[in-house]
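Chemist: what's the 3D shape of this:
(one chain, ligands or ions: 3)
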Amino acid sequence: GHELGGRYEIITRIGGGGMALVYKAHDILLNRKVAVKILRQQFVHDEEFIRRFRREAQSAAALSHPNVVSIYDVGQEDETHYIVMEYVEGQNLNEIIQERAPLQVDEAIRFASQICDALEHAHHNQIIHRDIKPHNILIGKNGRVKVTDFGIARAVTSSTITQTGSVVGSVHYFSPEHAKGINTGEKSDLYSLGIVIYQMLTGKLPFLGESPISVALKHLQETFEEPRIINPYIPQSVENIILRAMRKNPNERYASADEMLRDLETCLKPERLKEPKATFN
Ligand code: ATP
Ligand code: MG
Ligand code: MG
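Modeler: Numbers count the residues shown, from 1 in each chain. Ligands and ions are numbered 1, 2, ... in the order given. Below you'll find the model as predicted:
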């Protein structure tokens, strides 16, 4: 068969969306499995899409962290533009949520802590992910989290609006300021992580609507059902983290991923997970 770049043997398709397709492949040179993300054929003559695809690889490649998918290689062969990355054997978090949410509190907090650790690392390197959602969180068989898809990640200084003027990302996980198309910084990622934790622990999204615009408006204006009303097994300390991350005013959220991670790790201590209703002597 044909080997991409003289090196990668495509095995099977494992995912992909509007812009790219993702395949499991075999790296013949290093004799290991890899994931290869390929820019869709309809975009290969569009310089802007090719630039965006390269920027995705560059953002992810700027990071080196156990909870961020590693980039191994990028290349182009004729019209095929590709990114080669670490293959994560397991499921994405969306599949896990669809299969068995609400998750156990300790499992959800272990996932959240690892996502938050990846965000801390990205933010320290001036990269905002901007598309934190369960589809972009890969879970290895060992429960190790790997954040992927830096397709719309940005350097801290630039704005949310793409060159074409459209707001990008997944509306269900948008922060209010992202929905307005302004001022997305580190705290937008923390809001999205708050929604992901909400969804892991309740099995529901806080805001649903008929159209992307109606969902965006809810992020801006509406309150949501408190997680403990839906799932009473959620400890108060964990609900507090979700509510703090999901504050509409970014100034009222965690100041940084570091601060949110500290709170998540406190909840991981076994004695805090089983909060007694009362204390008996
Ligand atoms: P598009 O940009 O066109 O929307 P996408 O950015 O959504 O595509 P990804 O989010 O990178 O593509 O990947 C889509 C899916 O492919 C993931 O949800 C996951 O199931 C699978 N996948 C992606 N990368 C890997 C990987 N490195 N290892 C294993 N599975 C992966
Ligand atoms: Mg994706
Ligand atoms: Mg993407």
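
Chemist: what does the model give residue 168 for pLDDT?
Modeler: Predicted confidence (pLDDT) at residue 168: the value is 61.

Chemist: now do the contacts for residue 179.
Modeler: Under the criterion of C-beta atoms under 8 Å, 6 or more residues apart in numbering, the neighbours of residue 179 are 167, 171, 216-217, 219-220. From N, CA and C alone the C-beta is placed, and that goes for glycine too.

Chemist: now it: closest residue in space, sequence neighbours ignored.
Modeler: For residue 179, ignoring the flanking residues on the chain, the nearest one in space by C-beta to C-beta, 6 or more residues apart in numbering is residue 216 at 3.9 Å.

Chemist: counting contacts, what elements does the helix or strand where that neighbour lies pack onto?
Modeler: Of the helices and strands defined by DSSP states H and E, residue 216 is found in helix 212-221. Using 3 or more C-beta pairs under 8 Å, 6 or more residues apart in numbering; DSSP states H and E as the contact criterion, the neighbours of helix 212-221 among helices and strands are helix 176-179.

Chemist: the strands in the stretch 151-281 of the chain, which residues?
Modeler: Taking DSSP state E, counting those that start in this stretch as the criterion, the stretch 151-281 of the chain contains strands spanning 154-155.

Chemist: one more: the stretch 1-150 of the chain?
Modeler: Residue ranges of the strands in the stretch 1-150 of the chain, as given by DSSP E, counting those that start in this stretch, are 8-16, 20-27, 32-39, 71-77, 80-86, 90-92, 127-128, 137-140, 145-147.

Chemist: out of the ones you listed, which comes closest to residue 54?
Modeler: Distances from residue 54 to each of these were compared using C-beta to C-beta; the minimum, 7.0 Å, belongs to strand 71-77.

Chemist: if we can go back for a sec, among the contacts of residue 179, who's most crowded?
Modeler: The most neighbours of any of the contacts of residue 179, using other C-beta atoms under 10 Å, belong to residue 219, which has 25 neighbours.

Chemist: pretty sure that residue contacts residue 207?
Modeler: Yes - using C-beta atoms under 8 Å, residue 219 makes contact with residue 207 at a distance of 6.0 Å.

Chemist: report the rounded mean pLDDT for the helix holding residue 216.
Modeler: This predicted structure assigns helix 212-221 an average pLDDT of 94.

Chemist: now that helix, how far from the centre of its chain.
Modeler: If you compare the mean C-alpha spot of helix 212-221 with that of the full chain, they lie 20 Å apart, counting by C-alpha atoms, centre = their mean, to the nearest Å.

Chemist: report how many residues lie close to residue 61.
Modeler: Neighbourhood size, residue 61 [other C-beta under 10 Å]: 17.

Chemist: ok, back up a step: how about JSON lines for the strands of the stretch 1-150 of the chain, with mean pLDDT, distance to ligand 3 and mean neighbour count added?
Modeler: As requested, those are exported to JSON lines (pLDDT from 0 to 100; distance: least, C-beta to the ion, whole Å; neighbours: other C-beta atoms under 10 Å):
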{"stretch": "strand 8-16", "mean pLDDT": "96", "distance to ligand 3": "9", "mean neighbour count": "15"}
{"stretch": "strand 20-27", "mean pLDDT": "97", "distance to ligand 3": "7", "mean neighbour count": "19"}
{"stretch": "strand 32-39", "mean pLDDT": "97", "distance to ligand 3": "9", "mean neighbour count": "20"}
{"stretch": "strand 71-77", "mean pLDDT": "96", "distance to ligand 3": "14", "mean neighbour count": "17"}
{"stretch": "strand 80-86", "mean pLDDT": "97", "distance to ligand 3": "11", "mean neighbour count": "20"}
{"stretch": "strand 90-92", "mean pLDDT": "97", "distance to ligand 3": "12", "mean neighbour count": "18"}
{"stretch": "strand 127-128", "mean pLDDT": "94", "distance to ligand 3": "14", "mean neighbour count": "24"}
{"stretch": "strand 137-140", "mean pLDDT": "98", "distance to ligand 3": "13", "mean neighbour count": "21"}
{"stretch": "strand 145-147", "mean pLDDT": "98", "distance to ligand 3": "12", "mean neighbour count": "24"}
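
Chemist: include distance to ligand 1 when you put the ones you listed into TSV, please.
Modeler: TSV is the format used below for the strands of the stretch 1-150 of the chain (distance: least, C-beta to the nearest ligand atom, whole Å):
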stretch	distance to ligand 1
strand 8-16	2
strand 20-27	4
strand 32-39	3
strand 71-77	10
strand 80-86	5
strand 90-92	4
strand 127-128	16
strand 137-140	6
strand 145-147	7
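
Chemist: thank you kindly, that will do.
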